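[1] Generate a structure from the sequence data that follows.
(4 chains)
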Amino acid sequence: MSLDQTMFIPVLAESLQTTSSPTPLQFFGILLGLLGLFFFVGTAVGMIRFPDFYTRMHAAGKGDTLSTMLMLSGFGLVSMEDLSMGSWLLFFKIMGVVLFIFITCPTSSHALMRAAFEDDEMPMTEKDLKKPSAKKK
Amino acid sequence: MFEDGTIINELLIERLNYLIYVVLLLIGLHAMIAKKNLIKKLIGMSIFQTAIILFYVSIGVKEGSTIPVYLPEHDLHGSHSVPSDTNETSHFEHGPFIVDSSLVRGYANPLPHVLMLTAIVVGVATLGLALALCLRIYQGYGTIEEDEVLAKIERQEMLSKPSIVVKSVDSSKTTNSKAEKPPSKPKVSSSSPSTKRPQAIPKTKAKAASTSAKAKTSRAKSVSPKAKPAASKSTTTGSKKSPAKSKTAASKPTTKAKPKPKVKSKAKPAVRTKSSSPAKKATASKPKPRTPKK
Amino acid sequence: MIEYFAIFMGVALFVLMIPVVYRIGAGPTPFDRMLAVNVIGTKTAVLLVIIGTLFDRVDMFVDFAIAYALLNFVSAIVVSRYLNRTISLDEMEAKENAKKIKS
Amino acid sequence: MKLLSFIPVLVVGVLLLYAAKDFPEWGSLDAPASKSPVSSHFIANTGVDTEVPNMVTAVLADYRGFDTMFETVVVFIAGMAVLAILKNSGRKKLVKREFEVDAEPDLIVTNTVRLLVPVIQIFAFYVLAHGHVSPGGGFQGGVLMGASFILVALSWDLETALIRFPFNWTTILGGLGVFLYAGIGLLSMFLGGEFLDYSELANIFTVSREMARYHAMLGVEIGVGLTVTAIMFSLYANLSTEGRHQRGL
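    Predicted coordinates:
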């Protein structure tokens, strides 16, 4: 299979011919999705740059939850092409995922944090920052 | 470099998915062969299984197909809910119809999905069984490192070996000294290192020299506490690891993934006891208020 | 338009997951690794919805997303509970050293 | 040893890559699996035969029902084997090991789980019952149901979960699931058909032959779900406590 006849995704090939402009609801959904992507960029940068576990957990716990919720609700709006019964059902299902993640994600972060604290993983203090050995690592 | 017909083209572009499965499979195979830890072997088995599952599912893919659930227009039940305004004629045919052969290519092959669904479930079941066996091995030998388990089995065989030595000595003596001294048996055996457990001699003699695997595991529990001091006394037998060392090795899989922390000051345990113990006491003093009513 | 947006989101998520995967590999503590796995799990739920949008079968894929988010939560709780109940290797070594000094 | 193990690994890899040349390309329509009359028959005739839109469920529970029945039996046997291996094997007394420390149930986690477990169980029933028209089925619903009980056991302790789901039930429910599956098959056999030929059930139920298959499939899936639920929880309870069923993970 050469690259010029890639048809991995059939819907894409169809949409290339029929590019329809999004409805206002879909436009709002796209905006929400991009906002979620912005927060996920923050999470990804924080996972690399932050020095110890608790700060990384700060980045991951908040940014991950918020970005996932924003993206999912954005896609929930995007998938609402018309206001029929089926698309409302779909929207509520996706909102169910959002609610689920809104509850479970902070809880799992909390459980991990508590496990780390009980396991003597101490937060980084100013003393650790002053130590050159800790900085190097 | 990527022209048609070259090996690189074939591997990296045309059949990239097979390369991925093969690499995954090899990772699993290597883990199963080379790792000493039994749990790591099981992880390797899981990776192997995942590679095969991915391979099977990829076989069912058709270009431009969707998942093997009927679309609303092919589904007779869905046709009630979906308003078909475009052609009223199809609305009359509520009965099931055979999907056209040109539409068959629009659905992915359901057969590999079914096979892999059952394979995943059976994989979970066998993984549970394997973990139970690992737990049993750990209870019997105190370790799940393969080489240590083998060393312990060897040591047990050594403990039961002196009777065999006695036999061979007996036979050699009888051949040498004209078989006139059968009562020399207890003497020889008393001089042999098996004097610690004289009552074990008839047992081991009655049995064949090669004990069955079942007997080994059943005896493992009773022997292992005795074997430990023996090993610490005489370092020549079996492996030279002290019980304390083997204990840390046994607990490795639980915390092995954790490397040494960067700055582990010695004051930390004190901090931990200060910080965590009062809280624990406070929670422990309460009669579990959060457990739901029974 | 919608498909382009979905593809863009999927590719961006995939690219942004690379630092998180790096944290799985290089995390100094097991908690770091578990945190990164958790992040990837929640993002996989989003990816499933994106794939559903691309295939125009979102109603089917949402079920996967819910189940995946649930199992992700269970896995995080399992690991936190397990690591909560066991002490670290260093502490165990310290205990054994104390025992040796005593005897 | 480690280097030595690379030799068989590399040999296997080279052989597999050499064999990959003969495999069909990604998504090829001419692949033997896609061209085979079996899969085309399944795709074309599932709607006519069983009225089930989800082909995977139809193939799983109806066309390949014999296979799935013994998969269920395998799961059941695995659970029983774990029970038999670990029963009375560990230490009897509840002596804390040196690497275990106490952990109280966490307030936030327990409250979240209390909130979530009913939702999860309803979702498990949805996945089980809705498996005919959307992805799902007995295995998935059973796993979700088992996960809800495991979640209870994790956030409090195993005793709390065992109050809700006593351990004896795992054996009984696991057996009941297999019995339900085989019973539906045997019932259709007694009604004049073959083993697991569900369409014969139309003789005693006032539905068409296709809808008889549809509903019998649901019964079969419920049996599978019962077995998987019971065995998942049994595996967790046995493995986390070495068969003591006290003070688990």
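[2] make it CA atoms for all contacts and neighbour counts henceforth
    Noted.
[3] Whether the longest helix along chain D contacts chain C - can you check?
    In chain D, with assignment by DSSP state H, the single longest helix is helix D:209-241. No: Helix D:209-241 is not in contact with chain C by C-alpha under 8 Å from any C-alpha of the partner chain; minimum separation 9.9 Å.
[4] So which residues of the chain form helices?
    Using chain A here. Going by DSSP H, chain A shows helices at A:10-17, A:24-49, A:53-58, A:64-78, A:85-118, A:126-130, A:132-136.
[5] looking at chain C here, not the other one
    Counting by DSSP H, the helices of chain C are C:2-26, C:30-55, C:58-85, C:89-102.
[6] wait, isn't residue A:113 in contact with residue A:56?
    No: in this structure residue A:113 lies outside contact range of residue A:56 using C-alpha atoms under 8 Å: 10.7 Å.
[7] Tell me which residue is most central in chain D.
    For chain D, the residue sitting closest to the mean C-alpha position, by C-alpha atoms, centre = their mean, is residue D:139 at 3.2 Å.
[8] Shouldn't that residue be within a helix?
    Yes: with DSSP: H, G, I helix; E, B strand; the rest coil as the criterion, residue D:139 is part of a helix.
[9] Could you pull up the residues touching it?
    B:121, D:221, D:224-225, D:228 (C-alpha atoms under 8 Å, 6 or more residues apart in numbering or on different chains).
[10] make it 7 Å
    Counting by C-alpha atoms under 7 Å, 6 or more residues apart in numbering or on different chains, residue D:139 touches D:224-225, D:228.
[11] can you check residue A:124 too?
    With contacts defined as C-alpha under 7 Å, 6+ apart, residue A:124 is in contact with residue A:52.
[12] For residue D:235, see how far away it is.
    Remark: distance between residue A:124 and residue D:235 (C-alpha to C-alpha, to the nearest Å) = 40 Å.
[13] Residue A:55 now?
    Distance, residue A:55 to residue D:235, by C-alpha to C-alpha: 37 Å.
[14] When the two are compared, which one has more neighbours?
    More crowded of residue A:55 and residue D:235, by other C-alpha atoms under 10 Å in any protein chain shown: residue D:235, with 24 against 16.
[15] you'd agree the more buried one is up against residue D:81?
    No: Residue D:235 lies out of contact with residue D:81 (C-alpha atoms under 7 Å); the separation is 9.9 Å.
[16] what residue is smack in the middle of chain C?
    residue C:37 (1.7 Å).
[17] Restrict the least confident helix or strand in chain D by mean pLDDT to CA atoms and write it as CSV.
    Using mean pLDDT, DSSP states H and E, helix D:32-35 stands out as the lowest-scoring helix or strand of chain D, at a mean of 82. Below are the C-alpha coordinates for helix D:32-35, written out as CSV (Å, rounded to 0.1, in the frame of the first residue of the first chain):
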residue,chain,number,x,y,z
PRO,D,32,-8.1,-15.0,3.7
ALA,D,33,-9.8,-14.2,6.9
SER,D,34,-11.9,-11.5,5.2
LYS,D,35,-12.7,-13.5,2.1
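[18] Check which residues of it are buried.
    Within helix D:32-35, the residues that count as buried by 16 or more other C-alpha atoms under 10 Å in any protein chain shown are D:33-34.
[19] hmm, the helix or strand following it in reach of chain B?
    Where DSSP states H and E defines the elements, the next helix or strand beyond helix D:32-35 is helix D:37-50. Yes: using C-alpha under 7 Å from any C-alpha of the partner chain, helix D:37-50 reaches chain B at D:39-40, D:43-45, D:47-48.
[20] Scan those residues and report the most crowded one.
    Busiest of the residues of helix D:37-50 next to chain B [other C-alpha under 10 Å] is residue D:43, holding 31 neighbours.
[21] That one and residue B:119: what is the separation?
    To residue B:119, residue D:43 is 21 Å away according to C-alpha to C-alpha.
[22] For stretch B:142-157, buried residues please.
    In stretch B:142-157, counting by 16+ other C-alpha under 10 Å, buried: B:142-145, B:148-149, B:151-153, B:155-157.
[23] how about these in TSV, adding distance to residue A:40 and pLDDT?
    Converted to TSV, the buried residues of stretch B:142-157 look like this (distance: C-alpha to C-alpha, whole Å; pLDDT from 0 to 100):
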residue	distance to residue A:40	pLDDT
B:142	46	81
B:143	43	83
B:144	41	84
B:145	41	87
B:148	47	87
B:149	47	88
B:151	51	89
B:152	52	88
B:153	54	89
B:155	57	90
B:156	58	88
B:157	60	89
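[24] Out of the helices of chain A, flag the one nearest chain D.
    helix A:85-118 (6.2 Å; C-alpha to the nearest C-alpha).
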